[in-house]
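Q: sequence unknown, structure follows:
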């Protein structure tokens, strides 16, 4: 169940919906977070920029996902990256006071919110574990293990970002593992051969 599905229509209509376009900055890095955004449609990315102007993408979000939840109740409420539209879309914005009220009065909303936050924490923990491994082999092996020996990927570049590797390095590793019979890679699915 999506978080938005936990809100009655009357509640949804009472909250601000912001439409955005591709490349539009919705929230800027270092801006104070005063609520959460839930994507009704479209895609956004959370990014920072290096001193040389390169883009560092922390996270990509699509319909039904939220952002700001890890900041709104934090002692340091500033966005760590800018929230930028990757496509046209819209988001429902819930301010902190309305969020607290919803959590007190809507049990389904509270439980789904907590589940999403727990999943976010697990994903962050997985990311930290992956980055603790020194070699590309160890990172890919651990990620396969953590995903029950099967990974559906959007692209090698996207998986490389998750693993903290260069795309070329991961591509060579996948090719080598296929030749060795360790994995199969077909139609965007990497699967261990056991």
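A: Noted; the coordinates are in hand. In this text the structure is predicted, and so the values were computed from the model without any measurement.
Q: Tell me where this protein has helices.
A: 9-14, 69-72, 96-105, 107-132, 136-146, 156-163, 167-179 (DSSP state H).
Q: show me what contacts residue 153?
A: Applying CB atoms under 8 Å, 6 or more residues apart in numbering, we find residue 153 in contact with 159, 188, 189, 190. C-beta: built from backbone N, CA, C; applies to glycine.
Q: what number of residues lie near residue 25?
A: Neighbour count for residue 25, taken as other CB atoms under 10 Å: 13.
Q: can you pull up the bridge partners for it?
A: For residue 25, the beta-bridge partners are residue 84 (DSSP bridges).
Q: JSON lines please, covering the helices of the chain and showing mean pLDDT and mean neighbour count.
A: As requested, these are arranged in JSON lines below (pLDDT from 0 to 100; neighbours: other CB atoms under 10 Å):
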{"stretch": "helix 9-14", "mean pLDDT": "89", "mean neighbour count": "10"}
{"stretch": "helix 69-72", "mean pLDDT": "93", "mean neighbour count": "18"}
{"stretch": "helix 96-105", "mean pLDDT": "96", "mean neighbour count": "14"}
{"stretch": "helix 107-132", "mean pLDDT": "92", "mean neighbour count": "13"}
{"stretch": "helix 136-146", "mean pLDDT": "94", "mean neighbour count": "17"}
{"stretch": "helix 156-163", "mean pLDDT": "89", "mean neighbour count": "18"}
{"stretch": "helix 167-179", "mean pLDDT": "95", "mean neighbour count": "15"}
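Q: Dump those helices into a markdown table; add distance to residue 35 as well.
A: Shown next, in a markdown table, are the helices of the chain (distance: least, CB to CB, whole Å):
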| stretch | distance to residue 35 |
| --- | --- |
| helix 9-14 | 14 |
| helix 69-72 | 6 |
| helix 96-105 | 5 |
| helix 107-132 | 13 |
| helix 136-146 | 32 |
| helix 156-163 | 28 |
| helix 167-179 | 36 |
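Q: now for those, which one comes closest to residue 42?
A: Nearest to residue 42 among the helices of the chain is helix 9-14 (16.7 Å), distances taken as CB to CB.
Q: Surely residue 131 is in contact with residue 164?
A: Yes. Under the criterion of CB atoms under 8 Å, residue 131 makes contact with residue 164 at 5.1 Å.
Q: overlap in contacts of the two?
A: Overlap of the contact sets of residue 131 and residue 164 (by CB under 8 Å, 6+ apart) consists of residue 139.
Q: rewinding a little: nearest to residue 27, of the helices of the chain?
A: Of all the helices of the chain, it is helix 69-72 that lies closest to residue 27, at 10.0 Å by CB to CB.
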